[in-house]
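Enquirer: quick one: sequence plus predicted model below, questions after.
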Amino acid sequence: MYKHFQKILALILLGVFTLNTVPREFIHIFTNHHDTQDTHASAGDAMFSGEHRHCDFLQIGVEPFDQYTTTFIAPVRPVIWVFQPRQLPETSYVTHRDLSPRAPPVEVA
């Protein structure tokens, strides 16, 4: 069931992708109608002709994106940072002169 649904969805997405990437004029070639052809009058002659219509399919397109920007001015507040110095433990080194060179170091209490 899931694989069948996945195949149908893949075909739909392929169709949408194909229609959006193929030029509209190429698809218009395969339709059975023709756009009206205007006859041009020679210079100085007045002429009336029927209404000229283009295929509506050629007029379909993605609207351009218009970016909408707003300006927001945030209220400015002074920020005062206060840092307390932390108490750091000090290390001291004491040499033990009474230790035997063969034994591990022992702390004298």
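Expert: Alright, I've got the coordinates.

Enquirer: going forward, measure contacts between C-alpha atoms and count neighbours the same way
Expert: Will do.

Enquirer: ranges for the helices of this structure?
Expert: Under the criterion DSSP state H, the chain contains helices at 2-21, 24-29.

Enquirer: so which of the ones you listed gets nearest Arg86?
Expert: The closest approach between Arg86 and any of the helices of the chain, judged by CA to CA, belongs to helix 2-21 at 61.5 Å.

Enquirer: if you count neighbours, what's buried in the closest one?
Expert: Along helix 2-21, no position meets the burial threshold by neighbour count (16 or more other CA atoms under 10 Å).

Enquirer: kindly report the same for stretch 67-74.
Expert: The neighbour-count criterion (16+ other CA under 10 Å) identifies no buried residues in stretch 67-74.

Enquirer: what about Thr21, distance to Thr91?
Expert: Between Thr21 and Thr91 the distance, using CA to CA, to the nearest Å, works out to 72 Å.

Enquirer: go on, Val79?
Expert: According to CA to CA, Val79 stands 36 Å off from Thr91.

Enquirer: same deal with Thr69?
Expert: With the distance defined as CA to CA, Thr69 ends up 58 Å from Thr91.
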